[in-house]
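Asker: output the structure for:
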Amino acid sequence: MHEHNPNQIPGYDYGSEGVARSPLSMEELRELEQTVGWSEVDAEVLQRHVGIFEQHAEAMVEVWREAIGSQPHLAKWFFSPDGKRDAEYAAKVKPRFVQWVLDVALRPHDRAWLDYQEEIGLRHTPAKKNKTDGRQTPPLVPLRYLLAFVPVVTMGARPFFVRHAITGQELRELEDAWSKAVQLYVVLWARPYAKEGMW
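Answerer: Below you'll find the model as predicted:
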């Protein structure tokens, strides 16, 4: 079970002064939420099942990281200049990834949340990749892989939901809420990749 102590995670600076500021207005965020179909009902569904995420966040992340590690074109973004996997970088990234799962379930979509999505997006680009952890992995995770990985994260959560005997309408609502949330995150992470005025 994952212990929820985000303040002890190196590089997890949610809500701090050093986090990037999103250029989006809260009105624009609400329009995006409306576009993906996100509502307060979805937030309530995720919060109602937060125990699943608290119990399985690390296992979920392990499944996704195994998918990354098994595909050379994905694994290479974790490589050091010598062409080998940077184990220290991978170890530093993991707890933030685990915390992200809990953030999906728990964090309100306020200004601090919106700003942190800008920060995460930047950490996949040359603007900030490697800077948080002081490493020398490739400076960019191409946007195409962030987008293409969405089904792995959305559908990969289902076995963990089913394990808790969630079925029928409740399962559909939980899967829908999780899928919409993940899609919204990735859309926001994509913003730093876009040309000015094109996103």
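
Asker: next up, identify which helix or strand the residue located most distally from the centre of the chain is on.
Answerer: Largest separation from the mean C-alpha position in the chain: residue 82, at 27.8 Å (C-alpha atoms, centre = their mean). Counting by DSSP states H and E, no helix or strand carries residue 82.

Asker: which residues does the residue most central in space within the chain contact?
Answerer: Residue closest to the average C-alpha location in the chain (C-alpha atoms, centre = their mean): residue 100, at 5.2 Å. By C-beta atoms under 8 Å, 6 or more residues apart in numbering, the contact list for residue 100 reads residue 120. C-beta here means a position set from N, CA and C on the backbone, and glycine is covered the same way.

Asker: could you point out where the protein is predicted with low confidence?
Answerer: Scanning the chain with the threshold set as pLDDT under 70 gives 1-4.

Asker: show me where it has its helices.
Answerer: 26-36, 40-48, 50-69, 72-75, 87-106, 111-122, 143-148, 150-155, 158-162, 168-189 (DSSP state H).

Asker: residue 133: which of those helices is closest?
Answerer: helix 87-106 (4.5 Å; C-beta to C-beta).

Asker: now that closest one and helix 111-122, what's the angle there?
Answerer: 150 degrees (axes from the mean of the first three to the mean of the last three C-alpha atoms, to 10 degrees).

Asker: alpha carbons only: can I get helix 87-106 in CSV?
Answerer: Taking Å, rounded to 0.1, in the frame of the first residue of the first chain, the C-alpha atoms of helix 87-106 are listed here in CSV:
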residue,chain,number,x,y,z
ALA,A,87,18.5,3.5,-12.8
GLU,A,88,18.8,6.5,-10.6
TYR,A,89,16.7,8.6,-12.9
ALA,A,90,14.0,5.9,-13.0
ALA,A,91,14.1,5.6,-9.2
LYS,A,92,13.6,9.3,-8.8
VAL,A,93,10.7,9.5,-11.3
LYS,A,94,8.8,6.6,-9.9
PRO,A,95,7.5,8.1,-6.6
ARG,A,96,6.2,11.2,-8.4
PHE,A,97,4.4,8.9,-10.9
VAL,A,98,2.8,7.0,-8.0
GLN,A,99,1.8,10.3,-6.4
TRP,A,100,0.2,11.3,-9.7
VAL,A,101,-2.2,8.4,-9.4
LEU,A,102,-3.4,9.7,-6.0
ASP,A,103,-3.5,13.2,-7.3
VAL,A,104,-5.9,12.1,-10.1
ALA,A,105,-8.3,10.8,-7.4
LEU,A,106,-7.9,13.5,-4.8
